[in-house]
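**Student:** this one's sequence-less:
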């Protein structure tokens, strides 16, 4: 049963990562790209969690916390220094 | 499935399998929301699903699969850390999105920041944070 779960979650997470990468490439604004990168990091964390659960180890736990730190610092930094460089463009 | 009565082991396995599939589906829901929602604010709504509920479900699956008690506080610390950092980054991203006008104003049901921004602009004459000075 664990092999079945692993296959299903691998397919689902691959589709989710593809969607997030499409949004990173297509996102009209920088903030959309930052948000999609955050979601991509969350998907990586989900994959690490599933690896830990299926193979019954805890090796990835520190990596999981590190990924969440990277997402936090990255999105806060970019959001803090994003500037309105295009005047009054209303697109999204 | 074998006809013999279910052991606790099999039940725990089934519950953790359901948690794993649901957690993965949260990520898929976030990706679909990122692709289909129209502006930054609604995409932020979709993006929080795997970060909070998805991570909770997957960490619970890890704890159920390991079948020891001492891992639960560690997993809870990892989840609480995520709970503490996600609102801060979402606040910063949403604030920057509001400032840089990446939102569809006609989609908002209420805009509580508008009055504050107007008041601050009226009091100071300009916004101290690099925001829109004239409106």
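**Tutor:** Happy to help now that I have it. Given the structure is predicted, the values throughout are model-derived calculations rather than measurements.

**Student:** any idea how far the residue of chain B at minimum distance from chain A is from residue A:3?
**Tutor:** Of all residues in chain B, the one sitting closest to chain A is residue B:31 (2.9 Å; Cβ to the nearest Cβ). Where you see a C-beta, it was placed from the backbone N, CA and C, and this is true even at glycine. In this view, residue B:31 and residue A:3 are 24 Å apart by Cβ to Cβ, to the nearest Å.

**Student:** higher neighbour count, those two?
**Tutor:** residue B:31 (29 against 8; other Cβ atoms under 10 Å in any protein chain shown).

**Student:** and the residue nearest the centre of chain B, what helix or strand is that in?
**Tutor:** With distances taken as Cα atoms, centre = their mean, the residue of chain B nearest its centroid is residue B:48 (1.7 Å). In the assignment (DSSP states H and E), residue B:48 maps to helix B:40-49.

**Student:** any idea whether residue B:84 is helix, strand or coil?
**Tutor:** At residue B:84 the chain is in helix, as set by DSSP: H, G, I helix; E, B strand; the rest coil.

**Student:** residues near it, how many?
**Tutor:** 11.

**Student:** Pull the contacting residues for it.
**Tutor:** By Cβ atoms under 8 Å, 6 or more residues apart in numbering or on different chains, the contact set of residue B:84 is empty.

**Student:** Tell me who's in contact with the residue nearest to the centre of chain B.
**Tutor:** Residue B:48 makes contacts with B:30, B:86, B:90, as judged by Cβ under 8 Å, 6+ apart.

**Student:** 10 Å instead, please
**Tutor:** By Cβ atoms under 10 Å, 6 or more residues apart in numbering or on different chains, the contact set of residue B:48 is A:35, A:38-39, A:42, B:26, B:30, B:33, B:54, B:86-87, B:90.

**Student:** What subset of these is buried?
**Tutor:** Among the contacts of residue B:48, those classed as buried by 16 or more other Cβ atoms under 10 Å in any protein chain shown are A:35, A:38-39, A:42, B:26, B:30, B:33, B:54, B:86, B:90.

**Student:** what would those residues look like in CSV with pLDDT and secondary structure?
**Tutor:** As requested, the buried ones among the contacts of residue B:48 are exported to CSV (pLDDT from 0 to 100; DSSP: H, G, I helix; E, B strand; the rest coil):
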residue, pLDDT, secondary structure
A:35, 90, helix
A:38, 91, helix
A:39, 92, helix
A:42, 91, helix
B:26, 91, helix
B:30, 92, helix
B:33, 91, helix
B:54, 91, helix
B:86, 90, helix
B:90, 89, helix
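
**Student:** Most proximal residue of chain A with respect to chain B?
**Tutor:** Across chain A, no residue is closer to chain B than residue A:19, which sits at 2.9 Å (Cβ to the nearest Cβ).
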